[in-house]
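> sequence first, then the predicted structure, then my questions.
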Amino acid sequence: MKAIKFEKTGGPEVLKFVDVDVPSPAEGQVRLRHTAIGLNYIDTYHRNGLYSVPLPSGIGLEAAGVVEALGAKVKGFKVGDRVAYGVGAPLGAYSEVRNYPANRLVKLPKAISDEAAAGMMLKGMTVRYLLRATYKVKRGDTILLHAAAGGVGLILSQWAKALGVKVIGTVGSDEKMALARENGCHYVINSSKDDVAKTVREITNGVGVPVVYDGVGQATLMASLDSLRPRGMLVSFGNASGPVKNLDLGWLSARGSLFVTRPTLMSYTADDGEFQETASDLIEIVKSGKVKLTVNQRYPLAEAAQAHRDLEARKTTGSTVLLP
């Protein structure tokens, strides 16, 4: 079988398409043949060393596939089941075949394609915990979402709209503004041209928003803080522009006792029950048609390095999948 591996951290060039052996599944595992694999920004953090992993390593956290074999004591699955996962520790989704813990899988309904599932699991479950657990949005809220045309952004804006929430989305170009509007944003700001915080204040009549969902990181920190109302919450869940550094707590008090959190999907789905509830909520909202998945880029698995280059250059929109 083939898989993407890396022996040292660095740029996309460290990703190598290599032969691997896949043993019989151990107790509690199933063997999966992947049909589609999700690309996520966190993959670049593992590759470049921002998030440390033991080396050499596989890479990738989400995929869809078909069950090929069952390990001992696996219940609830059979050979031929279509399944998906989105918190793929240990890393290794960038592969044709792998073994995976059965308790961290979900079955896929006919209404959801393999490509859609591979592009939605990690991002969609991230959206679910952001909206329903980290800061539980309420009907009538107006919120700020950075990178609204990205994979998480397109899902979050649709899901928020379904909950009766108005979304102010930021994007980095005029071309992405229409895409953000089409996917649920009530207002869209081109952050490369416009003053984000000033525009947010204008939209909210000077009040600010109760929550900012920020997957960009250092570049948007001050705009996020300046957009919040007193006792608002900055949810900093990603580092696309680099990690937030040197956060002065005095900035929080000066702006009205603000809250800041740095959550991860793994913390919100560490328990099997939480994982299944999160995944089930995602599948139901997608089945309902209120959230539509857009797979806008497809690459052969062997071209994972190019997919990383395009993702980091912000050339992608929506979800991207790798095809074995």
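Noted; the coordinates are in hand.

> the helix or strand containing A64 - contacts with which helices or strands?
Counting by DSSP states H and E, the element that carries A64 is strand 63-70. Applying 3 or more CB pairs under 8 Å, 6 or more residues apart in numbering; DSSP states H and E, we find strand 63-70 packed against strand 29-38, strand 82-85, helix 114-129. Yep, even glycine has a C-beta here, placed from its N, CA and C like the rest.

> residue contacts, the residue nearest to the spatial centre of the chain?
Centroid-nearest residue in the chain: K123, 2.8 Å away (criterion: CA atoms, centre = their mean). Contacts for K123 (CB atoms under 8 Å, 6 or more residues apart in numbering) come out as G38, N40, G86, G151, V152, I155, S319.

> give the bridge partners for the residue nearest to L32 when sequence neighbours are not counted, please.
Among residues not flanking L32 along the chain, G65 sits closest, at 4.0 Å (CB to CB, 6 or more residues apart in numbering). Beta-bridge partners for G65, by DSSP bridges, are H34, V83.

> residues near G65, how many?
G65 has 30 neighbouring residues, counting by other CB atoms under 10 Å.

> thinking it is in contact with R31, fair?
No. Using CB atoms under 8 Å, G65 is not in contact with R31, being 9.4 Å away.

> before we move on, back to that, any idea which of the helices and strands packed on strand 63-70 gets closest to S236?
helix 114-129 (12.9 Å; CB to CB).

> what's the helix or strand for S253?
For S253, the host element (DSSP H and E) is helix 249-254.

> again, but for M177
helix 174-182.

> quick one: list the elements packing against that helix.
Contact here means 3+ CB pairs under 8 Å, 6+ apart; on that basis helix 174-182 packs against helix 151-162, strand 166-171, strand 187-190.

> can you tell me what sits against that helix?
The contact list for helix 174-182 (CB under 8 Å, 6+ apart) reads A148, A149, G153, L154, S157, G169, V171, V188, N190, T317, G318.

> give me that answer again for 7 Å
Helix 174-182 has contacts (CB atoms under 7 Å, 6 or more residues apart in numbering) with A148, A149, S157, G169, V171, V188, N190, T317.

> helices along this protein, start to end?
41-48, 114-129, 151-162, 174-182, 196-203, 221-227, 249-254, 265-268, 272-287, 304-312 (DSSP state H).

> so which bits of the last one are buried?
Which is helix 304-312. Neighbour-count burial for helix 304-312, counted by 16 or more other CB atoms under 10 Å, picks out A304, A305, A307, H308, D310, L311, E312.

> now the strand holding A64: average pLDDT?
Taken as a whole, strand 63-70 has a mean pLDDT of 98.

> report the distance from that strand to the chain centre.
Distance, stretch centre to chain centre, for strand 63-70: 22 Å (CA atoms, centre = their mean, to the nearest Å).

> circling back: make TSV out of the contacts of K123 and add pLDDT and distance to P54.
Compiled in TSV, the contacts of K123 are given as follows (pLDDT from 0 to 100; distance: CB to CB, whole Å):
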residue	pLDDT	distance to P54
G38	96	22
N40	92	20
G86	93	21
G151	88	27
V152	93	27
I155	95	31
S319	87	28
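
> ok, those residues vs D226, which is closest?
Within these, the smallest distance to D226 is 22.2 Å, found for V152 (CB to CB).

> before we move on, back to that, tell me the angle the helix holding M177 makes with strand 166-171.
Relative orientation of helix 174-182 and strand 166-171, computed by axes from the mean of the first three to the mean of the last three CA atoms, to 10 degrees: 160 degrees.
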